[in-house]
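S.K.: Sharing a model prediction with you, sequence too.
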Amino acid sequence: MSPGEVALRLMFATVLGAAIGWERERKNHPAGLRTHILVSLGSALVMLVSIGAARAAGGASADPTRIAAQVVSGIGFLGAGTILREGLTIRGLTTAASLWLAAGLGLAAGAGFYLEASLATAIGLVTLAIFSTVEDRLFGPVRAARLTVAVRDEPGQLGRVAEVLGRHRVDIRQVHLESQGEEEVEISLTLRAEPGADVEGAVRELASLPGLRQIRRE
């Protein structure tokens, strides 16, 4: 393989990874532009090494996919790092999937499958950029809210708050606890209300919790 062809495949993988990473970056996801570029570029390099090693070895036993195949399983470790549990909600699954896609794009580019890689990139971008809007129209928009609850400082208060929100289909994305003296604690919550969630009902029920001092919704 000529140096020009090697450079072309590596640059092509970089461009495709950047396209997917740019979409994730503009939405402030954990893995953004640089991560996706490096994943795609690294995968392309592994594929080129696999092809080169197989050609150098020669013979029927030479398998150009043996080394590259490890990318498919290895990318799972990086993808798992983008999956976060925040309260009762799990985030990052789509970003983990986009990293897996970037690895596949790199392998395809490294193997010289330019058309296949281009089509997969286009479909991936459409899925990431447009389908979130389609989901909102089909299933209703997801609402976000902030709630601050000041309660008497005693064991189990956070659990009671989470139980009330869960019954009303309101997910907790972030929790912050701050002591307000020896007898009071302030619980600040970032909430995600799925379609069909009863936020108002949850707030009303929280207002009747034992030991409640104050409740504020933003």
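M.R.: Perfect, I can see it now.
S.K.: Report the residue ranges of every domain in this structure.
M.R.: Listed by automatic domain parsing, the domain ranges of the chain are 3-139, 143-217.
S.K.: Determine which stretch of the ones you listed is the most buried.
M.R.: Of all those, domain 3-139 has the most neighbours on average by mean count of other Cβ atoms under 10 Å, namely a mean of 17. C-beta coordinates here come from the backbone N, C-alpha and C atoms, glycine included.
S.K.: For that one, what is the distance to the chain centroid?
M.R.: 14 Å (Cα atoms, centre = their mean, to the nearest Å).
S.K.: now swap in stretch 191-207 and tell me
M.R.: Here stretch 191-207 is found 25 Å from its chain centre; the criterion is Cα atoms, centre = their mean.
S.K.: what about that stretch, how long is it end to end?
M.R.: 17 Å (Cα to Cα, to the nearest Å).
S.K.: Helix or strand for residue 15, just tell me which one.
M.R.: helix 3-26 (DSSP states H and E).
S.K.: what element comes up after that helix heading to the C-terminus?
M.R.: helix 33-57.
S.K.: isn't residue 172 right next to residue 162, touching?
M.R.: Yes. Between residue 172 and residue 162 there is a contact at 6.1 Å, judged by Cβ atoms under 8 Å.
S.K.: could you dump the domains of the chain to a markdown table with mean pLDDT?
M.R.: Formatted as a markdown table, these follow (pLDDT from 0 to 100):
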| stretch | mean pLDDT |
| --- | --- |
| domain 3-139 | 78 |
| domain 143-217 | 79 |
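S.K.: contacting residues around residue 115?
M.R.: By Cβ atoms under 8 Å, 6 or more residues apart in numbering, no residues touch residue 115.
S.K.: can you list contacts of stretch 177-191?
M.R.: Against stretch 177-191 from outside (Cβ under 8 Å, 6+ apart): 87, 144-153, 157-158, 161, 165, 170-176, 199, 213.
S.K.: The chain: helices as residue ranges?
M.R.: 3-26, 33-57, 69-80, 93-110, 114-139, 157-167, 199-206 (DSSP state H).
S.K.: hang on, residue 1 packs against residue 52?
M.R.: Yes. Between residue 1 and residue 52 there is a contact under Cβ under 8 Å: 7.2 Å.
S.K.: now residue 70: how far from residue 10?
M.R.: 19 Å (Cβ to Cβ, to the nearest Å).
S.K.: meant to ask about residue 131, not that
M.R.: Distance from residue 131 to residue 10, by Cβ to Cβ: 30 Å.
S.K.: beta partners for residue 176?
M.R.: Beta-bridge partners of residue 176, counted by DSSP bridges, are residue 188.
S.K.: Pull the contacting residues for it.
M.R.: Contacts of residue 176 by Cβ under 8 Å, 6+ apart are 187, 188, 189.
S.K.: do residue 43 as well
M.R.: 13, 68, 71, 75, 102, 103, 104, 105, 106, 107, 110.
S.K.: Any chance of JSON lines for those residues, columns distance to residue 126?
M.R.: Below are the contacts of residue 43 laid out as JSON lines (distance: Cβ to Cβ, whole Å):
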{"residue": "13", "distance to residue 126": "20"}
{"residue": "68", "distance to residue 126": "27"}
{"residue": "71", "distance to residue 126": "24"}
{"residue": "75", "distance to residue 126": "22"}
{"residue": "102", "distance to residue 126": "16"}
{"residue": "103", "distance to residue 126": "19"}
{"residue": "104", "distance to residue 126": "16"}
{"residue": "105", "distance to residue 126": "15"}
{"residue": "106", "distance to residue 126": "20"}
{"residue": "107", "distance to residue 126": "21"}
{"residue": "110", "distance to residue 126": "24"}
